[in-house]
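Participant: Quick one, structure for this:
(chains A, B and C)
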Amino acid sequence: MNKALEHYLLRLADTALTQSQRLAEWCGHGPFLEEDIALTNVALDLLGHAKLLYEQAAEISDRDVSADDLAFLRDVDAFKNPLLTELPRGDFAYTTLKQYFLDQFNVLLYAALKDSQYEPLAEIATKALKETRYHITRSRDWCLRLSLSTDEAKQKIQAALDDLYFYTPELFETDDDLNQLIAESIMPDLSVLKEHWQGQVDELLNECQLQVPKSGWVATGGLRGEHSEHLGYMLDDMQFLQRAYPGCEW
Amino acid sequence: MYSQGLQDAKGGPEPEGLLKAFQKRIDNEEKIEPRDWMPEAYRKTLIRQMSQHAHSEIVGQLPEGNWITRAPTLKRKMILLAKVQDEAGHGLYIYSATETLGITREEMTRQLLSGEAKYSSIFNYPTPSWADMGAIGWLVDGAAIMNQVPLCRASYGPYARSMIRICKEESFHQRQGYDIMTTLARGSNAQKKMAQDALNRFWWPALMMFGPSDKDSKHSVQSMQWKIKRFSNDDLRQKFVDVTVPQAEHLGLTIPDEDLKWNEERGHYDFGEIDWDEFINVIKGNGPCNKERLRARQKAHDEGEWVRKAAEVYQQNQRDAA
Amino acid sequence: MKLYEIFIRPKSGLNHRHVGSLHAADARMALQNARDVYTRREEGVSIWVVEAAHITASNPEQSEPWFDPAADKIYRHPTFYPLDKEVDNM
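Facilitator: Presented below is the predicted three-dimensional model:
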């Protein structure tokens, strides 16, 4: 079970870390000061989730690793986040919609993980759920603001939707390990989650009067360590010091 | 005597009676509040000083923001992100306080981007190494705190209140910087070198943060009288040197000043002459990163335009629909 | 964007207190921004936002006629009334 659990904890941790890393790119560059600060709050929350999850993964791992080792010393093919969260920061509409898709997923996921049979994960989920509930208030509001305002904003968020929509099915992908955890009630059945997620998303997109794209490349591969070109550059940046000066305390 | 040459907003002389009463309030340590009568020159001086301060916080996000995506551990990444965010917050508090003087944030932003308004010259230096995050926290925030603590008693209420909040929040900034330096100074040879190199580059610019020498400071006398400044530039600079030198020694790092020496008689450190030509040049816009910093602010401002507009239009649409 | 004044209740049992201002397009956004700007260090349990333009303030030039007259109404304060030692602490 430990191998499957470690795998899943890394899936969650990598997702939170990559999302946080992209959000953090806004710090100092936000569309206005208040939003700059708000985006960074979300980035900090996600980074906090990542840290807790990596620590838990490190604790149960057979290998002698720390949370930092997991974040800073694994290569692209060992990262397990969905491709959605490694996509570039993009413009504010792109960031907003990406955040909303993930928030909507996380709200449902962490609400379910609160009841996980695996106590440490249930604890992390309880904390993460509170924060995510605030995140989704913000990202939903911004989707509405951008969609129901100027033509320019509407065009931008529609373009973001066209780009991002087919990256969302990957959030619900499972593999043998995850199916085992689902069977043991350590994590929820993602196909059930998906129905709820889709219902909520359809409702919001409808309210936003946005058009769901008809087709596109359906992203897949994160769980297996198969990623887009973007992740390598992200890790390049993120892991630079640990790679250039191995074995140091920071 | 203090009223000599002070002009009101229309260029006429300020009424003597009001001026006297105003100065009396200040001498009694009473706070001046936004809608109180104040000499036009007091208002202008405050707007200049406070907006400069706010701009420094905002531009100050950039040299450190540079390392957020590259911070070496999860803990350091969190701390740095929180710290740079605090700077945005501090900018916001001070912009808010400045707006009570009758200038909008839009106008202040315009002045920053057009180069009319200044910001602290320290942020025009590059941060090529991780150790710069340590040096900035330790030296730059250290110098800033030394400047800011007396401002918590500034005569203008909103300024003083924002400074109290800022000083409270900033207490961790200097410590986290010194903590980075400590870790590096006790680390590998490469890390020690990194730390020393950052100290070498940031020492003199940090001393310049206290502003020109008292004999050349054109705003000082009036500002002291109005209690929007409590100590002279040189006094604060000396205090900074005195507390920082032992901290550097504790780290086993060398301050890059051959003239630095304890002066038993004065009870202070003597230190070398600051390169004021460099200072003036950087203030004028010819520092290593002036153009980059302003360009980054301009870009964020331009790219945020449609977002701000959308938020406003949405609000109008909602209101019209209601 | 409009200017909003922010009031925060530091903990239950205390009044909301003015802490500063910020910019927002509408009240809902102002509330969220206030949460993100002014409560990052557990400074509050409740937030009020008021559009600055909606605040009516007294005129500082009128402060003498408005506020000085209260100064000599010393009979409104308990210390105005001496008490015999035996009944101290009333």
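Participant: show me the contacts for B:T100.
Facilitator: B:P34, B:P158 (Cβ atoms under 8 Å, 6 or more residues apart in numbering or on different chains). C-betas here are computed from N, CA, C, even on glycine.
Participant: any idea how far it lies from B:E30?
Facilitator: B:T100 sits at a distance of 17 Å from B:E30 (criterion: Cβ to Cβ, to the nearest Å).
Participant: Kindly list the main-chain dihedrals of B:D270?
Facilitator: phi -90, psi 150 (degrees, to the nearest 10).
Participant: What about it, how many residues nearby?
Facilitator: 14 (other Cβ atoms under 10 Å in any protein chain shown).
Participant: now B:T254
Facilitator: 13.
Participant: Pretty sure it sits against B:A248.
Facilitator: Yes: assessed by Cβ atoms under 8 Å, B:T254 is found in contact with B:A248 at 7.2 Å.
Participant: what sits in contact with each of the two?
Facilitator: B:L199.
Participant: is chain C contacted by the helix or strand hosting B:A144?
Facilitator: For B:A144, the element it lies in under DSSP states H and E is helix B:141-151. No: applying Cβ under 8 Å from any Cβ of the partner chain, one finds helix B:141-151 out of contact with chain C, separated by at least 15.9 Å.
Participant: Quick one: list the elements packing against the following helix or strand past that helix.
Facilitator: Downstream of helix B:141-151, the first helix or strand assigned by DSSP H and E is helix B:157-185. Helices and strands touching helix B:157-185, by 3 or more Cβ pairs under 8 Å, 6 or more residues apart in numbering or on different chains; DSSP states H and E, are helix B:74-99, helix B:131-135, helix B:141-151, helix B:189-208, helix B:233-251, strand C:17-24.
Participant: Next up, the contacts around the residue in chain B positioned nearest to chain A.
Facilitator: Residue of chain B nearest chain A, by Cβ to the nearest Cβ: B:G304 (2.9 Å). Applying Cβ under 8 Å, 6+ apart, we find B:G304 in contact with A:G30, A:P31, A:F32, A:E35, A:F92.
Participant: Which pLDDT value belongs to the closest residue in space to the second one that isn't next to it in sequence?
Facilitator: By that I understand A:P31. The shortest distance from A:P31 to any non-neighbouring residue, by Cβ to Cβ, 6 or more residues apart in numbering or on different chains, is to B:G304 (2.9 Å). pLDDT recorded at B:G304 is 98.
Participant: Same check on B:Y2?
Facilitator: 44.
Participant: my guess is B:S51 meets B:R110, correct?
Facilitator: No: when contacts are counted by Cβ under 8 Å, B:S51 is not listed as touching B:R110 (10.8 Å).
Participant: more crowded one of these two?
Facilitator: With neighbours defined as other Cβ under 10 Å, B:S51 and B:R110 compare such that B:S51 has more, 25 against 13.
Participant: doesn't the more buried one fall inside a strand?
Facilitator: No: using DSSP: H, G, I helix; E, B strand; the rest coil, the secondary structure at B:S51 is helix, not a strand.
Participant: what's the distance between the residue nearest to A:P31 and A:E184?
Facilitator: Counting by Cβ to Cβ, the gap from B:G304 to A:E184 is 47 Å.
Participant: circling back to that earlier point, tell me the angle the strand or helix carrying the residue of chain B closest to chain A makes with strand C:17-24.
Facilitator: In the assignment (DSSP H and E), B:G304 maps to helix B:290-321. With axes from the mean of the first three to the mean of the last three Cα atoms, to 10 degrees defining the directions, helix B:290-321 sits at 90 degrees from strand C:17-24.
Participant: name the helices or strands packed onto the longest helix along chain C?
Facilitator: Ranked by residue count, the top helix of chain C under DSSP state H comes out as helix C:27-38. Judged by 3+ Cβ pairs under 8 Å, 6+ apart, helix C:27-38 is in contact with helix A:33-60, helix A:119-147, strand C:2-9, strand C:17-24, strand C:46-51.
Participant: Tell me which residues touch the spatially most central residue of chain C, please.
Facilitator: Nearest to the geometric centre of chain C sits C:R17, at 4.8 Å (Cα atoms, centre = their mean). Residues in contact with C:R17 (Cβ under 8 Å, 6+ apart) are C:F7, C:I8, C:R9, C:P10.
Participant: Check what pLDDT the nearest residue to B:M181 once chain neighbours are set aside gets.
Facilitator: Among residues not flanking B:M181 along the chain, B:G134 sits closest, at 4.0 Å (Cβ to Cβ, 6+ apart). Listed pLDDT for B:G134 reads 98.
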